[in-house]
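Chemist: using only what follows, build the 3D model:
(2 chains)
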2 protein chains.
Amino acid sequence: MTGTATFGFRDVDPREKPRLVRGVFDSVARRYDLMNDLMSGGVHRLWKDAAAARLNPQPGETIIDCAGGTGDMARRFARMARRVQARRGGEDARIFVVDYNAEMIAAGRERDVMPEIAWAVGDAQRLPLPDRCADAYVISFGIRNVTDIPAALCEARRVLKPGGRFLCLEFSRPATELLQKAYDAYSFRVIPAIGEVVAKDRASYQYLVESIRRFPDQRAFAGLMGQAGFKNVGFTNFTGGVAALHQGWAI
Amino acid sequence: MTGTATFGFRDVDPREKPRLVRGVFDSVARRYDLMNDLMSGGVHRLWKDAAAARLNPQPGETIIDCAGGTGDMARRFARMARRVQARRGGEDARIFVVDYNAEMIAAGRERDVMPEIAWAVGDAQRLPLPDRCADAYVISFGIRNVTDIPAALCEARRVLKPGGRFLCLEFSRPATELLQKAYDAYSFRVIPAIGEVVAKDRASYQYLVESIRRFPDQRAFAGLMGQAGFKNVGFTNFTGGVAALHQGWAI
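Modeler: Numbering: from 1, shown residues only, chains lettered A, B, ... in the order given. The predicted structure follows:
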């Protein structure tokens, strides 16, 4: 771990970051999905649908939804595996939602009626899961909140079976300057204002916006994945690079 | 699930029990280990040592410490596997502490400096772990707090590898009437009083004592294990049956 960690635009002691991030998500947990809709005009749902389609969950697969929060990705995976299962049969998929934040997990579990999904509060840097147990590991809008990103990538590699896939959906860098400027104006002015009005919590949404800017761009993140041992690493930009889906294989 | 669950001597709606039990452990988390020492005169440590010796953790084994709370069993397992590893080599053991209560896990994680141990807040009735992943499953003074005990036993069986061992350490029924009387006097009068003085929380310790009385006796619990599919089920009484260690195999 390096000597400092980022918390939005602040550099903080790495030992402090988990507590600070937990404060943000404790604060936003109950309105998290609603806020995502308002902030992105619903576009985050399309990104998530596209990421889930890329994963293409199958009956009998074990899928880790890391930083899975309220379980919106996990529910997508379960529904998709069920559709395949209805056509061709097979075992139930098994989906583990792991999130550092107990409030987010509690909010997800309250809504959960899908027996394929099991919930855990746990640390992406030390997953409470055995080696080589999963067919896929997905982290969606979560990895930028992790204190030690290389450690989380190594853990993802550890828990994947040989041939297992790693998918990371995250905010990234818009590909054109024009789009970057429009996006900056929107995210620094509009999003904290929406956060204040709807969630009564401007500071948490200010953190979310700043943490996006501090996160490595597409190529830098692909480089970190390669260093963690993933093969055939690539990414797809969504909405001109506002978000990106990174993919790699544990071989 | 049956129509009612027990909460100490009260019959409660099964949907309510998790919240009630969580309240107890939120309340006692920080002083839990100290209180156990005071209440049992340190004897709980001998019982736990005996249970860990029966388990005999080996390097490279995957061990689930369910309802593992602050991790006192998990640390025993890690130390024992290290001693064997120092003599004969082998991989690190891997120990997963799973507990329903986030405060207990937080209290354990703060003290944790052992990389063999990973922590999760999760539900014994729906473990966030894949099928057949563990060499052993241990639940120590935890199962009587679970709402649906047969469901937790089925989950234990699911996550164990073929040949994996199930161990359950729990308060039980003293074998003689004289001991039962002495124990009743101690637990109904002395323990809640200690709870009040040390932890300022008489009600939570009153719950602990009552929940022990409501728990099935040695033979009844062995029967539940058999119904869940465990083979060669047996038990050993400690301190004349004040506690008992049940053992069974997933075959």
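Chemist: what's the helix or strand hosting A:His246 in contact with?
Modeler: A:His246 is part of strand A:243-250, with elements assigned from DSSP states H and E. Judged by CB atoms under 8 Å, 6 or more residues apart in numbering or on different chains, the contacts made with strand A:243-250 from elsewhere in the structure are A:44, A:47, A:50-51, A:54, A:156-157, A:160-172, A:218, A:221-222, A:225-226, A:229-238. The way it works is simple: take the backbone N, C-alpha and C, and place the C-beta from them, glycine included.
Chemist: which pLDDT value belongs to A:Ala120?
Modeler: At A:Ala120, the pLDDT value in this model is 96.
Chemist: now the one 3 residues further on
Modeler: Predicted confidence (pLDDT) at A:Asp123: the value is 95.
Chemist: now do A:Arg31
Modeler: What the model reports for A:Arg31 is a pLDDT of 73.
Chemist: how far away is A:Thr236 from A:Ile143?
Modeler: Taken as CB to CB, to the nearest Å, the spacing of A:Thr236 relative to A:Ile143 amounts to 16 Å.
Chemist: can you check A:Gly108 too?
Modeler: 18 Å.
Chemist: thinking again about what came up before, parallel or antiparallel, list what pairs with the strand holding A:His246.
Modeler: On the basis of DSSP bridges, the sheet neighbours of strand A:243-250 come out as strand A:160-171 (antiparallel), strand A:231-238 (antiparallel).
Chemist: kindly export that strand (C-alpha atoms) in PDB.
Modeler: Only the C-alpha atoms of strand A:243-250 are listed here, as PDB (Å, rounded to 0.1, in the frame of the first residue of the first chain):
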ATOM      1  CA  ALA A 243     -18.000   4.700 -18.200                       C
ATOM      2  CA  ALA A 244     -15.900   1.800 -19.300                       C
ATOM      3  CA  LEU A 245     -16.300  -2.000 -19.000                       C
ATOM      4  CA  HIS A 246     -12.900  -3.700 -18.500                       C
ATOM      5  CA  GLN A 247     -12.600  -7.400 -19.000                       C
ATOM      6  CA  GLY A 248      -9.900 -10.000 -18.400                       C
ATOM      7  CA  TRP A 249      -9.400 -13.700 -17.900                       C
ATOM      8  CA  ALA A 250      -7.800 -15.700 -15.100                       C
END
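Chemist: what angle separates whichever strand or helix holds A:Gly223 from strand A:160-171?
Modeler: In this structure, A:Gly223 sits in helix A:218-227 according to DSSP H and E. Helix A:218-227 and strand A:160-171 meet at an angle of 160 degrees, taking axes from the mean of the first three to the mean of the last three CA atoms, to 10 degrees as the criterion.
Chemist: okay, buried residues for helix A:218-227 please.
Modeler: The neighbour-count criterion (16 or more other CB atoms under 10 Å in any protein chain shown) identifies A:Gln218, A:Phe221, A:Ala222, A:Leu224, A:Met225 as the buried residues of helix A:218-227.
Chemist: what's the closest non-adjacent residue to the third one?
Modeler: In space, A:Ala222 comes closest to A:Val233 once its chain neighbours are excluded; the distance is 4.9 Å by CB to CB, 6 or more residues apart in numbering or on different chains.
Chemist: next, count neighbours for that neighbour.
Modeler: Residues within reach of A:Val233, counting by other CB atoms under 10 Å in any protein chain shown, total 17.
Chemist: my guess is it contacts A:Gly226, does it?
Modeler: Yes: in terms of CB atoms under 8 Å, A:Val233 counts as a neighbour of A:Gly226; the distance is 5.4 Å.
Chemist: just give the nearest non-adjacent residue to the spatially most central residue of chain A, would you?
Modeler: Using CA atoms, centre = their mean, the residue of chain A that lies closest to the mean C-alpha position is A:Ser140, 2.0 Å off. Nearest non-adjacent residue to A:Ser140, counting by CB to CB, 6+ apart: A:Leu169, 4.3 Å away.
Chemist: before we move on, back to that, which neighbouring elements make contact with the helix holding A:Gly223?
Modeler: Helices and strands in packing contact with helix A:218-227 are listed as helix A:149-159, strand A:160-171, strand A:231-238, strand A:243-250; criterion 3 or more CB pairs under 8 Å, 6 or more residues apart in numbering or on different chains; DSSP states H and E.
Chemist: contact partners of that helix?
Modeler: A:149-150, A:153, A:166, A:168, A:170, A:172-173, A:215-216, A:233-235, A:237, A:241, A:244, A:246, A:248.
Chemist: just stretch A:26-46 next, same as before
Modeler: Around stretch A:26-46, the neighbours that count as contacts under CB under 8 Å, 6+ apart are A:25, A:69-70, A:72, A:101, A:103-104, A:106-107, A:141, A:190-191, A:194-195, A:198-199, A:201, A:204-205, A:238-239, A:243.
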